[in-house]
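Colleague: Predicted model and sequence below, questions to follow.
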Protein chains: 2
Amino acid sequence: MPKRGTMRAARSNIVQKLVIKAVMERNLIEDGDRVLIAASGGKDSTVMAWALSGARPAIKRTYELAALHISSDFCACCKKSPLERRLAEWGIPFTDVFVPITGRLKPGRAMNCYWCSTQRRAELLKYAVDRGFNKIALGHHLDDIIETFFMNMTAKGELSAMPIRLTYRAYPVSLIRPLGLAEERQIIACAEEQGILKTSCTCPFGLNSNRKAVRARIADFTGNSGAVKRRILHAVDAAGLLTK
Amino acid sequence: MPKRGTMRAARSNIVQKLVIKAVMERNLIEDGDRVLIAASGGKDSTVMAWALSGARPAIKRTYELAALHISSDFCACCKKSPLERRLAEWGIPFTDVFVPITGRLKPGRAMNCYWCSTQRRAELLKYAVDRGFNKIALGHHLDDIIETFFMNMTAKGELSAMPIRLTYRAYPVSLIRPLGLAEERQIIACAEEQGILKTSCTCPFGLNSNRKAVRARIADFTGNSGAVKRRILHAVDAAGLLTK
């Protein structure tokens, strides 16, 4: 039986290798890139920051990493300092920007996921463009991509997914999703091994119930098989839905 | 409460309307077409024959209908004469062709769905081309199309489906699936109303277990909602997968 230390390294290595594979195969990071990590404080984006930092020798390209956290008027409980400390260990500078997400709602409008995400996305883009970052790294993983594919198919009636690489026409910035090939359970295992704690708060509006229901139905449908999920991702990729 | 006669007509009308919609919107049948119905004796292709015959006034095109049944060396129990009688009621001539499907297997090869379906398809094509039919109508319905889409995605890793209209490059024949917009449960209701009996035998090799398992998982995933299934079909259609 391998020693505990070896086991720990082996499990984290899976995620790091999948990040390297995504970056290399899809040319997500090029020489001279300035990459802005969207750091929510959740396990996904924190594991992504750790992996992108540790993958430098394998990626063999010169790139800058920085992290941006978006605080909001409904997120007072965020424990930002432990996140900032971990990012500093990995050589990643941290910035926090406050956005009054509920404050920007028009009178009479209720809070919703669409509003929140477009406000955050707009702020991320603005910050990146203003500061000269040409890549924004988002922490969505394979399960997120498949979920979005199934949600778009069953609710919107369209075959579309979150691309692993998206080039904006209107901005000098691309979105990249370096965790796109990693399953959530692999990321959880990696976070546990690396002592990465979730420091973001849970959505206080409890608006994710539809996504959770879809997640459970996909788990039933795929029998939670990694092989089946990777074949779905391959199908979505072969149809050109992961690059825009 | 409507009279029983009215109810019966109403339920069968749903399938006929969906067949007319598919034919008109997708130009499945044109003036002068000679349409060969692949008649297995099962409920689907028999309901299709009934609907294509009864839909003549609505479709407002001149087309010929004929039915071809393929008998095989492992299907001795087929009750062809009741099928032939029903088709004659609807003005559709019936022909039976014998194909030694197991007899054609190479020594040592086991029977499988792929072999059986390619042998039948080849025979259908040959018969149609030899006799000057330019359309072959297959009885696959909305649930079959969605099943194939999910099976191709999860087993083959590709986004593809059975098209509602497929034009062969190598043959002067197109495949059409006029039941493509109808759900299986609607077809079952129609078959019951019209007194259409299943006269085909069940596959004696019991090879459909994988498709049955996928069917059950799709039913769970969609909650058996017709609206959800139609949105999936719309998504598959919008991606161009229903016309080839």
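Modeller: Good, I have the coordinates. Numbers count the residues shown, from 1 in each chain, chains lettered A, B, ... in the order given.

Colleague: so after whichever strand in chain A runs longest, what's the next helix or strand?
Modeller: For chain A, the strand with the greatest residue count under DSSP state E is strand A:63-72. Helices and strands here follow DSSP states H and E; after strand A:63-72, the next one along the chain is helix A:80-89.

Colleague: The longest strand of chain A vs helix A:80-89, what angle?
Modeller: When axes from the mean of the first three to the mean of the last three Cα atoms, to 10 degrees is applied, the directions of strand A:63-72 and helix A:80-89 differ by 180 degrees.

Colleague: List the single closest residue to A:Met24 in space, sequence neighbours excluded.
Modeller: What sits nearest to A:Met24 in space, not counting adjacent residues and going by Cβ to Cβ, 6 or more residues apart in numbering or on different chains, is A:Ile59, at 6.9 Å. To be clear about C-beta, it is placed using only N, CA and C from the backbone, and glycine gets the same treatment.

Colleague: what's near enough to touch the residue positioned nearest the centre of chain A?
Modeller: Most central residue of chain A, judged by C-alpha distance to the mean C-alpha position with Cα atoms, centre = their mean, is A:Gly139 at 0.9 Å. A:Gly139 makes contact with A:38, A:40, A:42, A:44-48, A:177, A:179, according to Cβ atoms under 8 Å, 6 or more residues apart in numbering or on different chains.

Colleague: For those residues, which single residue is the most surrounded?
Modeller: Of all the contacts of A:Gly139, A:Leu179 has the most neighbours under the rule other Cβ atoms under 10 Å in any protein chain shown, reaching 31 neighbours.

Colleague: so which strand or helix has that one?
Modeller: For A:Leu179, there is no helix or strand it lies in under DSSP H and E.

Colleague: Quick check: it touching A:Met48?
Modeller: Yes. Here A:Leu179 lies in contact with A:Met48, judged by Cβ atoms under 8 Å, at a distance of 5.2 Å.

Colleague: So for those two, which residues contact both of them?
Modeller: The contact sets of A:Leu179 and A:Met48 overlap at A:19, A:139 (Cβ under 8 Å, 6+ apart).

Colleague: on that earlier part again, look at the residue nearest to A:Met24 and say how many residues are nearby.
Modeller: Burial measure for A:Ile59: 17 neighbouring residues, criterion other Cβ under 10 Å.

Colleague: all strands for chain A, in order.
Modeller: Counting by DSSP E, chain A has these strands, from start to end: A:33-38, A:63-72, A:94-99, A:135-137, A:165-167, A:174-176.

Colleague: Go through the ones you listed and name the closest to chain B.
Modeller: Closest of the strands of chain A to chain B is strand A:165-167, at 18.6 Å (criterion: Cβ to the nearest Cβ).

Colleague: pLDDT on that closest one, on average?
Modeller: Per-residue confidence for strand A:165-167 averages out to 96 on the pLDDT scale.

Colleague: Which positions in that strand come out as buried?
Modeller: Buried residues in strand A:165-167, defined by neighbour count with 16 or more other Cβ atoms under 10 Å in any protein chain shown: A:165-166.

Colleague: Next: stretch A:109-125.
Modeller: Here stretch A:109-125 shows A:115-116, A:119-120, A:123-125 as buried, counting by 16+ other Cβ under 10 Å.

Colleague: Around chain B, pick out the residues from chain A.
Modeller: Within chain A, the positions near chain B by Cβ under 8 Å from any Cβ of the partner chain are A:152-159, A:217-218, A:220-222, A:228, A:230-232, A:234-236, A:238-239.

Colleague: let's go with 7 Å and repeat that
Modeller: Where proximity means Cβ under 7 Å from any Cβ of the partner chain, the interface of chain A facing chain B comprises A:153-155, A:157-159, A:217, A:220-221, A:228, A:231-232, A:234-236, A:238-239.

Colleague: Which positions in stretch A:95-104 come out as buried?
Modeller: A:99, A:101-102.

Colleague: same question, stretch A:14-28
Modeller: The neighbour-count criterion (16+ other Cβ under 10 Å) identifies A:15-16, A:18-20, A:22-23, A:26, A:28 as the buried residues of stretch A:14-28.

Colleague: between those, which is closest to A:Ile187?
Modeller: In terms of Cβ to Cβ, no member of the buried residues of stretch A:14-28 lies closer to A:Ile187 than A:Val15, at 5.9 Å.

Colleague: Name the nearest residue to that closest one, ignoring sequence neighbours.
Modeller: Leaving aside its sequence neighbours, A:Val15 is closest to A:Cys190 (4.2 Å, by Cβ to Cβ, 6+ apart).

Colleague: burial of the nearest residue to A:Val173 once chain neighbours are set aside, as a residue count?
Modeller: Among residues not flanking A:Val173 along the chain, A:Ala128 sits closest, at 5.1 Å (Cβ to Cβ, 6+ apart). A:Ala128 is flanked by 24 other residues according to other Cβ under 10 Å.

Colleague: Ok, the one 5 residues further on next?
Modeller: Other residues near A:Phe133 come to 23 when the count uses other Cβ under 10 Å.

Colleague: Can you give me every residue that contacts it?
Modeller: With contacts taken as Cβ atoms under 7 Å, 6 or more residues apart in numbering or on different chains, A:Phe133 has the following neighbours: A:34-36, A:173.

Colleague: go on, A:Ala239?
Modeller: If you count contacts by Cβ under 7 Å, 6+ apart, A:Ala239 has them with A:159, B:159.

Colleague: which residues does A:Ile37 contact?
Modeller: For A:Ile37, the set of contacting residues under the criterion of Cβ under 7 Å, 6+ apart consists of A:45, A:48-49, A:65-67, A:92, A:137.

Colleague: Drop anything exposed from these.
Modeller: Of all these considered here, the ones buried according to neighbour count by 16+ other Cβ under 10 Å are A:45, A:48-49, A:65-67, A:92, A:137.

Colleague: how close does the residue nearest to A:Ala189 when sequence neighbours are not counted sit to A:Val228?
Modeller: Residue nearest to A:Ala189 in three dimensions, not counting chain neighbours: A:Arg11, with 4.8 Å by Cβ to Cβ, 6+ apart. As defined by Cβ to Cβ, to the nearest Å, A:Arg11 lies at a distance of 22 Å from A:Val228.

Colleague: What helices and strands are in contact with the top helix by length along chain A?
Modeller: Scanning chain A for the longest helix, with DSSP state H as the assignment, gives helix A:4-25. Using 3 or more Cβ pairs under 7 Å, 6 or more residues apart in numbering or on different chains; DSSP states H and E, the elements in contact with helix A:4-25 are helix A:43-54, helix A:56-59, helix A:184-193.

Colleague: Great, nothing more from me.
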